[in-house]
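# when you get a sec, could you give me coordinates for this:
(one chain, ligands or ions: 1)
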Amino acid sequence: MKLSEFIHPGSLAEARKALRGLGPKGLPLAGGTALHFMQSKTPVTAVDLTGLGLSYIRRKGGFFSIGAATPISDIQRYRSPRWAMHEICRRISTHQIRNVSTIGGNICRVFPWADLPVVLLAMNARMVIYSGKESEMGADEFFSSQPARLFRGGDLLTSVKIPVLKAQHGFGSVKAARNAAAFSLVTIAALLELDGTTIKSARVAAGSAIPFPKRLHEVEAALVGREAVTDVFKKAAAAGGTAAKWNVREGMSADYMRQLAEVSLLDALERAAEFARGRVN
Ligand SMILES: Cc1cc2nc3c(=O)[nH]c(=O)nc-3n(C[C@H](O)[C@H](O)[C@H](O)COP(=O)(O)OP(=O)(O)OC[C@H]3O[C@@H](n4cnc5c(N)ncnc54)[C@H](O)[C@@H]3O)c2cc1C
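Take a look at the predicted model:
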């Protein structure tokens, strides 16, 4: 994508006004790393979102609130009790990319390899959208199809709210890739809520090897009400093998990808259980 002009608005209202005026000739711009992947040859005016005070991580009530223009490297470095976002962030591309790529850019236009949508689906995050005033949308609705649909009229993502995990919660994420900086072959994230040793609720999501990030309801159903033990995790992971159409990726057969998904699911579930038992973090 080519940029013909740069606008530096002084407020969210100014940014939205500019984008509404520009219509399809305008583009909200955060880190700018996705321009490279956007095919359009028509030059657009970039509306810079990096000077609007949207780069922060705060714990507020029952949520961690992450500003939309917060670089992935800041999320990777942040620490707080029962914070789990850093694991996936350190697996995204290289230091250089993470220093400029923002959480908003990663999730407002989802590319097939995007890792954060998978994690935010599992964590049941809430997205805060500015349309003159702020309103919230849950992850299931936000990622029900390409989120870029929500921003065509000049509205903007301002922050992402991630529920603070409670003592009975466990979280695990796995990114299977050819090497440290490669795009994901498959990304899995799992959030388990335990009642003693029983799984009270589960949110499990996948991405990269499937057409669009989504929750794996068959895996969740195979977990809820059962013991948080390896045998149960194995059966749930096997249910994941048939819960989605696993795409052929980077020369790997569909059958290989299905098996990779199952192994990654098992790994993510074991990690989530370890986390809940307090052995991680
Ligand atoms: C070589 C390379 C490898 C990568 N590997 C991975 C990887 O393995 N996993 C991974 O998850 N990511 C990876 N990424 C990053 C990912 O592909 C995107 O480039 C990045 O997340 C976009 O973030 P950005 O801040 O640069 O967004 P930008 O490029 O600025 O914007 C991306 C899109 O989001 C929109 N947008 C941005 N912020 C907002 C907002 N607040 N409100 C509304 N719309 C907004 C923009 O208009 C644009 O359409 C990689 C990037 C590169 C260049």
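# strands of this protein, start to end?
3-7, 26-29, 44-48, 57-60, 63-67, 126-130, 134-138, 156-163, 169-177, 184-195, 198-207, 214-215 (DSSP state E).
# buried deepest among the ones you listed, which one?
Sort these by mean neighbour count, taking mean count of other CB atoms under 10 Å, and strand 184-195 sits at the top with a mean of 26. Where you see a C-beta, it was placed from the backbone N, CA and C, and this is true even at glycine.
# for A268, see how far away the closest residue to the ligand within the stretch 51-200 of the chain is.
For the stretch 51-200 of the chain, the residue closest to the ligand is G105, as judged by CB to the nearest ligand atom, at 1.9 Å. According to CB to CB, to the nearest Å, G105 and A268 sit 25 Å apart.
# okay, those two: which has more neighbours?
The residue with more neighbours, out of G105 and A268, is A268; 30 against 25, by other CB atoms under 10 Å.
# pLDDT score for that one?
The model reports A268 with a pLDDT of 98.
# so it touches R203, yeah?
No. Look at A268 against R203 with CB atoms under 8 Å: they stay out of range, at 11.3 Å.
# which neighbours do those two have in common?
Residues touching both A268 and R203 (CB atoms under 8 Å, 6 or more residues apart in numbering): A190.
# so which residues on the chain come close to the ligand?
27-36, 49, 68, 92-93, 97, 100-102, 104-106, 108-109, 111, 113-116, 148, 151, 156-157, 183-184 (CB under 6 Å from any ligand atom).
# quick one, which of those residues are buried?
Neighbour counting with 16 or more other CB atoms under 10 Å marks 27-35, 49, 68, 92-93, 101-102, 104-106, 108-109, 113-116, 151, 156-157, 183-184 as buried within those.
# contacting residues for L185?
Per CB under 8 Å, 6+ apart, neighbours of L185: A176, A177, R178, S208, A209, R249, E250, M252, M257, L260.
# whoops, I mixed them up, R152
P24.
# dump the residue contacts of the residue lying closest to S159 once chain neighbours are set aside.
Among residues not flanking S159 along the chain, V128 sits closest, at 4.5 Å (CB to CB, 6 or more residues apart in numbering). Residues in contact with V128, defined by CB under 8 Å, 6+ apart, are E134, S135, E136, L157, T158, S159, V160, K161.
# could you do L223 as well?
If you count contacts by CB under 8 Å, 6+ apart, L223 has them with L192, I199, A202, V204, V232, F233, A236, L269.
# and those, which two are the farthest apart?
The span of the contacts of L223, defined through CB to CB, is set by V204 and V232 at 12.8 Å.
# give me the neighbour count for the closest residue to Q259 other than its chain neighbours.
In space, and not counting its chain neighbours, Q259 is closest to G241: 7.4 Å by CB to CB, 6+ apart. Number of residues near G241 (other CB under 10 Å) recorded here: 17.
# G241 touches S264, doesn't it?
No. Look at G241 against S264 with CB under 8 Å: they stay out of range, at 11.0 Å.
# shared neighbours of the two, anything?
Listed as contacting both G241 and S264 by CB under 8 Å, 6+ apart is no residue at all.
# coming back round to it: filter the buried ones among the residues of the chain next to the ligand down to the ones in helices?
G104, G105, N106, C108, L116 (DSSP state H).
# other SSEs contacting the longest helix anywhere in the chain?
In the chain, with assignment by DSSP H, the single longest helix is helix 254-276. Applying 3 or more CB pairs under 8 Å, 6 or more residues apart in numbering; DSSP states H and E, we find helix 254-276 packed against strand 169-177, strand 184-195, strand 198-207, helix 230-243.
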